[in-house]
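> 3D, please:
(2 chains, ligands or ions: 2)
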Amino acid sequence: MTIEPQRPVGDPIVVDDFERLSFRVDRRAYTDDDLAARETTMIFDRCWLYVGHESEVPGPGSYVARDVGGRPVVMARGSDGVIRVFANSCTHRGALICSQPAGRARSFRCPYHDWTFSIQGDLVGVPIPDGYGPGFRKADFGLARHRSDSYRGFVFVTFDPEQPRTLTEYLAGATEYLDLIDDQSEVGMEVIQGAQLHGARANWKLMMENSVDIYHFRALHKRYVGYMESLGSVPPRRRGGFGRALGLGHGANELPPAAARPLAYWTPMFGAEVRPRIEATAARFVDRFGAERAERITGTNRAVLIFPNLMIIDAIAITIRKIDPVGAGQMAITSVALAPKDEDPDIRELRKSHYLTFLGPAGFATPDDIEIVESCQRGYLNRTVRYSDLSRGMNKEVPETTDELPAREFWRQWDRLMHGDDGHLEVAHRGEMQGAEAR
Amino acid sequence: MTTELTVDEAAQVRLWHRVSQFLFREARLLDEWRLREWYDEMLTHDIRYSVPATDVRGETADALGLIDDDAARLRQRIEQLLNGEVWCENPRSRTNRMISNVEILTDRGTHLDVAANVIVYRFGHGRSDAYVGKCRFELVVEGESFRVRRRVVVLDHETLYEHAKLSIIL
Ligand code: FES
Ligand SMILES: [Fe+2]
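Ligands and ions are numbered 1, 2, ... in the order given. This next block holds a predicted model:
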């Protein structure tokens, strides 16, 4: 019987040991309330965070209101077409200026005292204005505007005025994957209406790890795999796939499709009727991008983790999953489907149907993921077992999808940020990206 | 003092009673996990069972929902639940469905549109959840009884953050 050594000096949470090819995470990371509070200030107050997709605010005056990094914000498209992200809090005394989750408006009127803000965030109306002295200027009381930017339709915000990176710099190697997703339509991608708003009684990081973990697929998702096989799903045309670290905490898995892809990868489970349409689309992609890139866009599945809390899974459907901590032991999950705006209606139905087979709180797979992360969280109550192990693939030049490289990339960035280092080690770390981790 | 029912009213009461009994039986079979019986005896071959998303609540036809099962996927859901393949329903939840406000919206002779309210309590794995929703049924008249052809449960919850998942049949 072995006995765990005493905690090392400094008592680190992430124990990254290249010598022994061992990577361990102290389970306090999932259970400790102080660490959860520290994540808010060291990670969510500093990183670029995903707000939404541009298609969710399609025209001037359209807006969505949601929480990002624990803060209520409004993302609105101005009459000038510009997308802005504001604090959803009245500059007078704080009420939410927008309590509808989505809509279209010319202005936002605060219900408390009727201060009115334009869709561009300017304060345009104050009832009974003679209560203020000559120093009162409406220009000083516009909605607080957050620094926001978008990359290929994905809108992010940062609450850190000193965030040193532009969004593109921050996204690092993940831009390659957002390109592969946004390239799926010439006229743009759109979020399909209907969000799956659910959660799990577990630490948010468990769902981030789960979402880039392919190792569990055959074990935990037997019932999904069984159903897909019963529909005539055939094994992938080619084998392989790999995991990647994309820098700054982002990671991805890329692998041949196990089933089909509604964009342009037909297999018999989609039925003969749509085959010509799907194959015609595939041919158009070859014309547009050349055979190799077309195959990567249309014939490859991927799961991309964008640090800290965004997952985009592009397989039999595309899901955008935003995972928000609610204290140490609970998370909120927002999942939506992304699809080409110009998608054929029959294929859109196939996409939605297969989305629901796999994904969401009542799919044939996601509930098991939720159950298992909740089960891990319960397991952590037994503090005798101190560490979780995430070392799979440290022994390989090119880690496979069943390895844990993307999760390690996540944890390494988590650890840097929690130590107040905003990633200046990135250059040194680049050597640990794909193919060089076990140098 | 008693008030005589007219012939028409008496027929309506009988129909309402039969519909209510049918829905109560459905609830009981689901609570007793007699899912194959429910599927075989109470649903049509072209059953569609759906639960719209909690944000758009089925108001938008093209929206993505939470569940949109045709007969094949519903059958598969049932088999998975009964075979213990659904981790979060193994061991099985205890459920209790309360059906009320049963109202026949339209009677088209061979088809009925029926509304009802439902609360499903679910207990299991140390959790207790309540799902509150409005049901819409399309019933096909079959002799003295019915079969369900369309079954929509519109949840009243704003989100399922608390519930996390929806692993039972509502
Ligand atoms: S708090 Fe908004 S108008 Fe007073
Ligand atoms: Fe999974």
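
> helices or strands next to the longest strand seen in chain B in the packing?
The longest strand of chain B (DSSP state E) is strand B:127-142. The helices and strands touching strand B:127-142, judged by 3 or more C-beta pairs under 8 Å, 6 or more residues apart in numbering or on different chains; DSSP states H and E, are helix B:7-31, strand B:111-124, strand B:145-155. From N, CA and C alone the C-beta is placed, and that goes for glycine too.

> starting at the chain centroid, how far to it?
Relative to its chain's centre, strand B:127-142 lies at 3 Å (C-alpha atoms, centre = their mean, to the nearest Å).

> average pLDDT for it?
Mean pLDDT, computed over strand B:127-142, is 96.

> Repeat that for stretch A:376-384.
96.

> unless I'm mixing things up, B:R147 is touching B:F137, no?
No - contact criterion C-beta atoms under 8 Å: B:R147 and B:F137 do not qualify, at 10.2 Å.

> before we move on, back to that, kindly reformat the helices and strands packed on strand B:127-142 as CSV containing mean pLDDT.
Formatted as CSV, the helices and strands packed on strand B:127-142 follow (pLDDT from 0 to 100):
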stretch, mean pLDDT
helix B:7-31, 95
strand B:111-124, 97
strand B:145-155, 97
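
> I'd like the distance between A:S391 and B:V56.
Look at A:S391 and B:V56: by C-beta to C-beta, to the nearest Å, they are 43 Å apart.

> Give me the three-state assignment for the nearest residue to A:E190 once chain neighbours are set aside.
Nearest residue to A:E190, sequence neighbours excluded (C-beta to C-beta, 6 or more residues apart in numbering or on different chains): A:S55, at 3.8 Å. Three-state assignment for A:S55 (DSSP: H, G, I helix; E, B strand; the rest coil): helix.

> Let's see the pLDDT reported for the residue nearest the centre of chain A.
What sits nearest the mean C-alpha location of chain A, by C-alpha atoms, centre = their mean, is A:L310, with 1.4 Å. pLDDT, A:L310: 98.

> Which one of the residues in the stretch 1-150 of chain A is closest to chain B?
At 6.4 Å from chain B, A:P101 is the closest residue in the stretch 1-150 of chain A, using C-beta to the nearest C-beta.

> any residues touching the host helix or strand of A:P72, and which ones?
For A:P72, the element it lies in under DSSP states H and E is strand A:71-77. Identification of contacts with strand A:71-77 by C-beta atoms under 8 Å, 6 or more residues apart in numbering or on different chains yields A:51-52, A:56-67, A:83-89, A:96-98, A:105, A:108, A:119, A:121, A:143, A:146, A:148, A:155, A:157, A:159.

> Now restrict those to buried residues only.
Among the contacts of strand A:71-77, the ones that count as buried by 16 or more other C-beta atoms under 10 Å in any protein chain shown are A:51-52, A:56-57, A:61-66, A:83-89, A:96-98, A:105, A:108, A:119, A:121, A:143, A:146, A:148, A:155, A:157, A:159.

> ok, and which of the residues you listed reach ligand 1?
Residues of these in contact with ligand 1 (C-beta under 6 Å from any ligand atom): none.

> which ones among those residues are found in strands?
Among the buried ones among the contacts of strand A:71-77, DSSP E puts A:51-52, A:62-66, A:83-87, A:108, A:146, A:148, A:155, A:157 in strands.

> So A:S185 sits against A:I318, correct?
No - if you go by C-beta under 8 Å, A:S185 and A:I318 don't touch, sitting 11.0 Å apart.

> out of the two, which sits in the busier spot?
Shown here are A:S185 and A:I318; by other C-beta atoms under 10 Å in any protein chain shown, A:I318 has more neighbours (24 against 17).

> so what pLDDT did the more buried one get?
For A:I318, the model assigns a pLDDT of 97.

> now for the helix or strand containing A:Y224, which elements pack on it?
For A:Y224, the element it lies in under DSSP H and E is helix A:222-230. Secondary-structure packing of helix A:222-230 (3+ C-beta pairs under 8 Å, 6+ apart): helix A:345-358, helix B:71-82.

> relative to helix A:345-358, how tilted is it?
Angle, helix A:222-230 to helix A:345-358, by axes from the mean of the first three to the mean of the last three C-alpha atoms, to 10 degrees: 150 degrees.

> Neighbouring strands of the helix or strand following helix A:222-230 in the sheet, and parallel or not?
Following helix A:222-230 in sequence order, the next helix or strand is strand A:242-247 (DSSP H and E). Strand pairing for strand A:242-247, using DSSP bridges, gives strand A:250-255 (antiparallel).
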